[in-house]
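1. Give me a 3D structure for the following:
(one chain, ligands or ions: 1)
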Amino acid sequence: MIYKRSSELFAEAEKVIPGGVNSPVRAFKAVGGTPIFVKSAKGAYLYDEDGNRLIDYINSWGPMILGHAYEPVVEAVIAKAKLGTSFGMPTELETQIAALAVSMVPNIDKIRFVNSGTEACMSAVRLARGFTKRDKIIKFAGCYHGHSDSFLIQAGSGAVTFGTPNSPGVTAGTAKDTLLAKYNDLENVATLIEANKNEIAAIIVEPVAGNMGCIPPVKGFLEGLRELCTANGILLIFDEVMTGFRLARGGVQELFNINADIVCFGKVIGGGLPVGAFAARAEIMNYLAPLGPVYQAGTLSGNPLAMAAGLAMLQALDTDRAIFKRLEEKTAYLGAGIERVLKANNVVFTINQIGSMISVHFDANPVTDFQSAAKGDNETFKKFFHGLLAEGVYIAPSAYETWFITDALTYEDLDFTIQAIDKVSKTF
Ligand SMILES: *Cc1c(COP(=O)(O)O)cnc(C)c1O
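-> Below you'll find the predicted structure:
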């Protein structure tokens with residue numbers, strides 16, 4: 001495939017946009033080469049500026065669960081746009097999508113809409129701090145909750161540590177309130193709680209991790225977090241920005257029958273427009289302004305185009321109750337196919353899959369946390385990525401990303417992908 005036009009466009013972009021992109025992973029730094037510029041997309045396919053067609057396994061990093069340019073979403077946005085694109089005043093539409101979301105997700109009474117997953121997680125933590133009157137939070141290494149300061153933290157030195165900033169611009173003062181734990185390691189969490197008695201406001205977790213590849217929780221991990229939180233007056237925040245409305249109608253809370261105290265959403269809930277949300281029981285949500293003392297606001301929050309897209313998306317997922325099963329079956333089929341051809345070609349690998357999330361790690365050991373995810377062979381991943389791209393299959397340009405399966409993918413697409421992987425893995 002030829003990427004002449006994409007290369008030219010990237011060179012132009014680099015002059016006026018830092019690194020040529022508006023979000024770093026798009027720049028192909030982890031795999032080398034120049035990013036592909038998209039012209040359009042429909043269903044399971046991307047069409048780039050050079051006229052190539054690619055089977056898309058990123059799907060805007062998750063939102064396009066029903067495929068690109070899904071008609072009911074597109075129609076809803078067009079219809080709303082003609083009636084005005086932003087008011088900064090209440091609309092009936094906001095109540096409609098809120099009511100539908102509350103009816104689909106277990107254990108929430110009220111939901112507030114924001115503009116991104118980052119904003120949702122940032123606001124959820126503020127709410128938890130205000131509600132508990134405590135300052136510290138626990139997050140897990142390798143979990144991503146957006147780019148707000150409290151989350152850009154890495155492990156400091158020492159055993160029971162304070163976090164240290166992992167980006168310039170994050171102050172040491174902010175970092176000291178974020179404690180870092182090991183994913184899937186309850187004992188580690190218990191130790192942190194013990195060392196910070198009555199100081200921890202919240203534990204925030206991706207209940208199925210998707211930002212260090214796909215890592216499902218080991219048996220008992222989420223249950224254990226729930227117990228530790230309840231016993232210590234800590235709020236449990238499920239960051240379901242990736243998993244919400246994807247792994248089940250009601251997300252991971254429904255899938256594993258575990259209640260969180262605050263749930264964060266993004267990605268699918270906006271149907272491809274910029275939307276995030278956070279939700280909880282009334283007692284907690286009523287702590288937010290204007291009812292309560294915790295401030296949170298947004299000029300474009302609840303924007304009519306975004307709400308129309310999100311509502312059309314949720315309605316589709318609410319109506320077609322077979323969808324999550326169908327997605328799971330397609331993903332398992334893909335996983336089994338990948339496993340077959342990689343084994344046949346003597347490649348060392350581990351596949352993690354749950355529902356419509358799947359990732360291939362080039363390492364033989366089980367991948368259960370950030371440390372084990374980081375052991376993957378990145379040189380093999382680079383060959384894998386560029387090999388697949390040459391075959392017209394687009395996966396995320398980083399070994400730490402999950403693939404998102406959409407309902408628009410046909411079994412022919414999946415077979416084509418498995419054959420492409422067979423071909424590419426012969427060249428490792
Ligand atoms: C994508 C993501 C976010 C951040 O959402 P943005 O809309 O990119 O700000 C937060 N948490 C998780 C789990 C995510 O996958």
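
2. any idea which residue sits dead centre in this structure?
-> Note on the chain: the residue nearest the mean C-alpha position is M242, at 3.0 Å, using CA atoms, centre = their mean.

3. can you pull the contacts of that one?
-> Taking CB atoms under 8 Å, 6 or more residues apart in numbering as the definition of contact, the neighbours of M242 are 62, 206, 208, 210-211, 266-267, 357, 402. For glycine as for every other residue, the C-beta is placed from the backbone atoms N, C-alpha and C.

4. Can you list which of the residues you listed are found in strands?
-> Secondary structure of these is defined by DSSP state E; positions in strands are M357.

5. thinking again about what came up before, what about the residue nearest to the centre of the chain, which SS state?
-> Three-state assignment for M242 (DSSP: H, G, I helix; E, B strand; the rest coil): coil.

6. Distance of it relative to F151?
-> Using CB to CB, to the nearest Å, M242 is found at 14 Å from F151.

7. With V31 instead?
-> Distance of V31 to F151, computed by CB to CB: 25 Å.

8. next one: E391
-> The span separating E391 from F151 equals 36 Å under the rule CB to CB.

9. for F385, same thing?
-> Distance, F385 to F151, using CB to CB: 27 Å.

10. follow-up on the earlier one: with neighbour count added, can I get the contacts of M242 in TSV?
-> As requested, these are exported to TSV (neighbours: other CB atoms under 10 Å):
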residue	neighbour count
G62	24
E206	25
V208	25
G210	29
N211	21
G266	28
K267	27
M357	26
T402	27
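
11. Keep the contacts of M242, but drop any that are not near the ligand.
-> Filtering those for neighbours of the ligand using CB under 6 Å from any ligand atom leaves 206, 210-211, 266.

12. Nearest to E227 among those?
-> Distance from E227 was checked for each of the ones next to the ligand among the contacts of M242 by CB to CB. The minimum falls on E206, at 18.9 Å.

13. Can you verify my assumption that that closest one contacts G244?
-> No: counting by CB atoms under 8 Å, G244 is not a contact partner of E206; they are 10.8 Å apart.

14. picking up where we left off before, between V31 and F151, point out the one with more neighbours.
-> Between V31 and F151, counted using other CB atoms under 10 Å, F151 has the larger neighbour count: 23 against 20.

15. For that one, which non-adjacent residue is spatially closest?
-> Distances taken as CB to CB, 6 or more residues apart in numbering put H145 closest to F151, at 4.5 Å, once the chain neighbours are dropped.

16. Could you measure from the one you found over to the ligand?
-> 5 Å (CB to the nearest ligand atom, to the nearest Å).

17. can I assume that residue sits in a strand?
-> No: using three-state DSSP, the assignment for H145 is coil, not a strand.

18. Count the residues that sit near it.
-> H145 sits with 26 neighbouring residues when counted by other CB under 10 Å.

19. Over to M212?
-> Burial of M212 is recorded as 28 neighbouring residues (other CB under 10 Å).

20. quick one: contacts for it?
-> When the contact criterion is CB under 8 Å, 6+ apart, the partners of M212 are 142-143, 183, 369-370, 373-374, 400.

21. Inside helices: which ones of these?
-> Using DSSP state H, 370, 373 are the members of the contacts of M212 that sit in helices.
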